[in-house]
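Visitor: build me a model from this:
(one chain, ligands or ions: 1)
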Amino acid sequence: MILSRSWAPTCSTRSFPVSNWLKISPCSRRTAATAAALKPAPEPVYEAPSHVRRKLTEQDHKRLTFQRNIGVSAHIDSGKTTLTERILYYTGRIREIHEVRGRDSVGAKMDSMDLEREKGITIQSAATFADWEATDLGKGTKQKYAINIIDTPGHVDFTIEVERALRVLDGAILVLCAVAGVQSQTTTVDRQMRRYNVPRISFINKMDRPGANPWRIVNQIRSKLRIPAAAVQIPIGVEDEFKGVVDLVHWKAIYNQGVKGNEVIVSDEIPKDLLELAQSKRSELIEQLAEVDETLGEIVLMDETPTNVDIADAIRRSTIGLKFSPVFLGSAIKNTGVQPMLDGVCNYLPNPAEREVQAHDTSQPAGAPQVVLTPAADAPLVGLAFKLEEGRFGQLTYMRVYQGTLKKAMQLYNARTGKKVKVPRLVRMHSNETEDVESIGPGEICAMFGVECSSGDTFTDGSSNFSMTSMFVPEPVISLSIKPKGLETPNFSRALNRFQKEDPTFKVHIDHESKETIISGMGELHLEIYVERMRREYNTDCITGKPQVAFRETITQRAEFTYTHKKQTGGAGQYAKVIGYIEPMEVDPETGKDVGFESVVMGGNIPSNYIPAVEKGFYEALEKGTLSGNPITGCRLVLKDGAFHAVDSSELAFRLATIGAFREIYRNSKPVILEPIMNVEVVAPCEFQSQVIGGLNTRRGTIVDSEVRDDEFTASAEVALNDMFGYSNQLRGSTQGKGEFSMEYKHHMPVLPNVQKELEEEYRKTLPAAKK
Ligand SMILES: Nc1nc2c(ncn2[C@@H]2O[C@H](COP(=O)(O)OP(=O)(O)OP(=O)(O)O)[C@@H](O)[C@H]2O)c(=O)[nH]1
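Guide: Residues are numbered from 1 along each chain as shown. From the prediction side, this is the model:
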């Protein structure tokens, strides 16, 4: 029987005798390790003060139940933008489908920048919203959901875009290629999802490709990403013949037909040749779920048959509980399997009320437990500005409202600066288009025009002191000098200021010795894009120097200082004495911060108004290490004591005293030079395996994994970025242009002693004679 999408709900629930296809002893095999796979230890939480505490009303529940905020993330070229384009089309948000690098040269909706359309890559994340009539196959009913969607770039150079999107989303679609499977950037995205506790469904895209093998990919999700996962569908037809999926939960065959696959046909009849596979994969699904979901585990243990509803509920519970990822299949380009996956978003991913979001109450002492925010419309407003963009009408600030209602013309307080701001214009984003709105409720994503702030700032209505932790910002790995061709115009610094404000991984500084402007970022492409944007958007052609690896320096042991800065050269003198120590500091996994200052000065030996000058001096000293002239990281300064003079002490004197103290004892802290180490992943035909491995070895790479499948292999290695220059040419040459590689920052590591010596010598040569 073939049914069109207007359902005749014929589904019976307890339809399949479990004994036929389920042969497991689930609970005995339920391990604590798998159950806890994604779940971090809960942090202590305290209740918000009563004047800002609210309960969810029935109306809140009604609205939030049908609201989803999701991101689409994956390795480069997995089809995120192509998939999002389908989502927008099927939800009626756009009338036509345009392909990435399509023949019509229009480009996908979410790649709105000219550069994105030309290069066929996503550079900036784009937000949009859509309504979806989700089908509950179990009940045979439909329900309208409001979905906010953020499409993120796949290229590692733009990783901050993924980071900030995941920070504010409630769920994600992890897209994987049906042939390439889990790739280097998939693991990065996975790490980011874990960092922000984002539940995800997996979507194996490109099922139409020759060599598509979803079962290998499901295994990779389990083994490489270490998430219990199971397919909730099996494909109908393979490669060219791929035309639909069998839903294993509700036991239906789902086909796409009609123009652009917009007609979804649901049938109770499972193709006969697929029955056996469907039954075995449904068993596998239940087996996996029984390991992570107690309720389903109990049913199976009691030798009962789980109903379709039992299975669907277990998928939802364990996905939201970060214990499981249901796997969907499809081909975005062939318009197949997208709608069932969208139903999965609604049925299995959480609504904003189902995720616990916390904030610090800054009126409490440091280290106090955080407050849980409630997405009630009448609660005091708390929102996070997660992304900034310079638009035609001033700064456009993307905001996620966590509790309360954000209204146009409302007075907001910036929790970081304490400043009051008014919201002149409030909009909902549809890629680069805007739609004006009067107010935005909790759990929603919107944008404000004309509100000055930094990325990661928390806004409140002033009635609470809540502040949300900011996002993780990785260290830049590459830098280059830049200057405008011809005379410097205000546009040069205007552009650099704007890019720096919008993108926390893009840094600009002036080298005080060479007087050059240096830009640093996450990779050559990252910097190239900004140089190109300066030309296009600011009419400023630039000359750039050779890309340099962003080396760092760090200290390896504690060193004490007692330092007096004294100057008496007629007029007012300068006097400041500082006593304390510097010590190595670990990176904070939440913020990525690894430098810190602490004052424990007692009894006013240094008046409190001079302490900020000491802190300033410390951060200034960190800008340039004396080994190689690179910034110093991984260092804390603790100021213990000191002395001042009633007349001769000043902020300047304390700042200079701290810089002097730091430079004097820096060598005592056994400093070393660090270099960025990259995760490199190479994919090439098998016949070139030895050349590729040999090439990585000559670049001092450590091979960490290699996998051969059909006629292709993947090699993963850790290689110092400094040894990677020119690799794309080498790879092209050694694989007849058939090899591809991607590279992603892993961490900074000390360089080898001989490299350190070379770098120190090189740096010494650049110094004026007096400083050598
Ligand atoms: N065969 C096949 N190709 C696809 C499918 N989906 C996308 N593609 C192609 O894969 C390429 C990359 O697609 P995109 O949608 O740009 O991928 P992306 O993940 O958004 O790329 P970035 O944002 O640059 O990381 C394009 O050439 C698409 O046409 C699919 O289902 N099957």
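Visitor: contacting residues for the closest residue to the ligand within the stretch 401-550 of the chain?
Guide: Closest to the ligand within the stretch 401-550 of the chain is residue 525: 10.7 Å, counting by CB to the nearest ligand atom. C-beta coordinates here come from the backbone N, C-alpha and C atoms, glycine included. When the contact criterion is CB atoms under 8 Å, 6 or more residues apart in numbering, the partners of residue 525 are 155, 157.
Visitor: use 384 as the first number for this chain going forward.
Guide: All right, first residue 384 from here; so that's residue 908.
Visitor: which of the helices or strands spans it?
Guide: helix 907-921 (DSSP states H and E).
Visitor: state the mean pLDDT of that helix.
Guide: What helix 907-921 shows for mean pLDDT is 88.
Visitor: where's residue 730 relative to the ligand, distance?
Guide: Noted for residue 730: a distance of 22 Å to the ligand, by CB to the nearest ligand atom, to the nearest Å.
Visitor: and residue 821, how far from residue 793?
Guide: For residue 821, the distance to residue 793 equals 10 Å [CB to CB, to the nearest Å].
Visitor: these two: which has the busier surroundings?
Guide: Taking other CB atoms under 10 Å, residue 821 and residue 793 do not tie; residue 793 has more neighbours (17 against 8).
Visitor: tell me the contacts of the residue lying closest to the more buried one once chain neighbours are set aside?
Guide: Nearest residue to residue 793, sequence neighbours excluded (CB to CB, 6 or more residues apart in numbering): residue 806, at 5.3 Å. Taking CB under 8 Å, 6+ apart, we find residue 806 in contact with 789, 790, 791, 792, 793, 795, 831, 833, 834.
Visitor: check residue 596 too.
Guide: By CB under 8 Å, 6+ apart, the neighbours of residue 596 are 561, 562, 1092.
Visitor: please apply the same query to residue 478.
Guide: Residues in contact with residue 478, defined by CB under 8 Å, 6+ apart, are residue 472.
Visitor: let me know the pLDDT of the most centrally placed residue in the chain.
Guide: Centroid check for the chain by CA atoms, centre = their mean gives residue 546 as the closest residue, at 2.2 Å. Residue 546 is assigned 80 on the pLDDT scale.
Visitor: could you do residue 975 as well?
Guide: pLDDT for residue 975: 69.
Visitor: equivalent analysis for the one 4 residues further on, please.
Guide: For residue 979, the pLDDT comes out at 92.
Visitor: same deal with the one 4 residues further on?
Guide: Looking at residue 983, its pLDDT stands at 92.
Visitor: what of residue 715?
Guide: So, for residue 715, pLDDT stands at 94.
Visitor: strands of the stretch 584-733 of the chain, start to end?
Guide: 612-614, 616-619, 627-630, 635-640, 646-650, 708-712 (DSSP state E, counting those that start in this stretch).
Visitor: separation between the nearest residue to residue 812 once chain neighbours are set aside and the ligand?
Guide: Among residues not flanking residue 812 along the chain, residue 510 sits closest, at 4.4 Å (CB to CB, 6+ apart). Residue 510 sits 15 Å away from the ligand, going by CB to the nearest ligand atom.
Visitor: stretch 769-789 - what's its average pLDDT?
Guide: Stretch 769-789 comes out at a mean pLDDT of 83.
Visitor: of the contacts of residue 596, which is the most crowded?
Guide: Within the contacts of residue 596, most neighbours by other CB under 10 Å means residue 561, with 27 neighbours.
Visitor: for that one, give me its contacts.
Guide: Applying CB under 8 Å, 6+ apart, we find residue 561 in contact with 587, 588, 589, 590, 592, 595, 596, 597, 600, 712.
Visitor: residue 1127 in helix, strand or coil?
Guide: Assigned with DSSP: H, G, I helix; E, B strand; the rest coil, residue 1127 falls in the strand class.
Visitor: right, and it touches residue 569 too?
Guide: No. Judged on CB atoms under 8 Å, residue 1127 makes no contact with residue 569 at a distance of 10.7 Å.
Visitor: compare those two (neighbour count), which wins?
Guide: residue 569 (28 against 22).
Visitor: quick one: the more buried one and residue 966, what's the gap?
Guide: The value you get for residue 569 to residue 966, if CB to CB is used, is 37 Å.
Visitor: the longest strand seen in the chain: what's the following helix or strand?
Guide: The longest strand of the chain (DSSP state E) is strand 1055-1068. Sequence order places helix 1072-1081 as the next helix or strand after strand 1055-1068, per DSSP H and E.
Visitor: chain center to that following helix: distance?
Guide: 31 Å (CA atoms, centre = their mean, to the nearest Å).
Visitor: what residues sit buried inside that helix?
Guide: Neighbour-count burial for helix 1072-1081, counted by 16 or more other CB atoms under 10 Å, picks out 1072, 1074, 1075, 1076, 1078, 1079.
Visitor: do stretch 1136-1149 as well
Guide: Buried-residue list, stretch 1136-1149, by 16+ other CB under 10 Å: 1139, 1142, 1146.
Visitor: okay, and residue 572 sits in which element?
Guide: Using DSSP H and E, residue 572 falls in helix 567-578.
Visitor: so for that helix, mean pLDDT?
Guide: Rounded mean pLDDT across helix 567-578 is 83.
Visitor: list the contacts of it.
Guide: 421, 423, 456-459, 461, 537-539, 542, 545-546, 549, 555, 557, 559, 581, 583, 607-608, 610, 855, 972-973, 1062-1064, 1099, 1125-1127.
Visitor: and the buried ones among these, selectable in PyMOL?
Guide: One line in PyMOL is enough to select the buried ones among the contacts of helix 567-578; burial here means 16+ other CB under 10 Å:
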select buried, resi 421+456+457+458+459+461+537+538+539+542+545+546+549+555+557+559+581+583+607+608+610+855+1062+1063+1064+1099+1125+1126+1127
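Visitor: tell me which of the strands of the stretch 584-733 of the chain sits nearest to the ligand.
Guide: Per CB to the nearest ligand atom, nearest to the ligand of the strands of the stretch 584-733 of the chain: strand 708-712, 10.5 Å.
Visitor: that closest one vs the ligand: in contact?
Guide: No. Strand 708-712 stays clear of the ligand (CB under 6 Å from any ligand atom), getting no nearer than 10.5 Å.
Visitor: can you list the strands that that strand pairs with?
Guide: Strand pairing for strand 708-712, using DSSP bridges, gives strand 583-588 (parallel), strand 612-614 (parallel).
Visitor: tell me the most buried of the ones you listed?
Guide: strand 583-588 (a mean of 28; mean count of other CB atoms under 10 Å).
Visitor: chain center to that one, what's the gap?
Guide: That offset, for strand 583-588, works out to 17 Å (CA atoms, centre = their mean).
Visitor: can you check stretch 1021-1040 too?
Guide: 42 Å.
Visitor: give me the mean pLDDT for it.
Guide: Mean predicted confidence for stretch 1021-1040 is 91.
Visitor: pull out the buried residues from it.
Guide: Judged by neighbour count using 16+ other CB under 10 Å, the buried positions of stretch 1021-1040 are 1021-1025, 1027, 1032-1034, 1036-1040.
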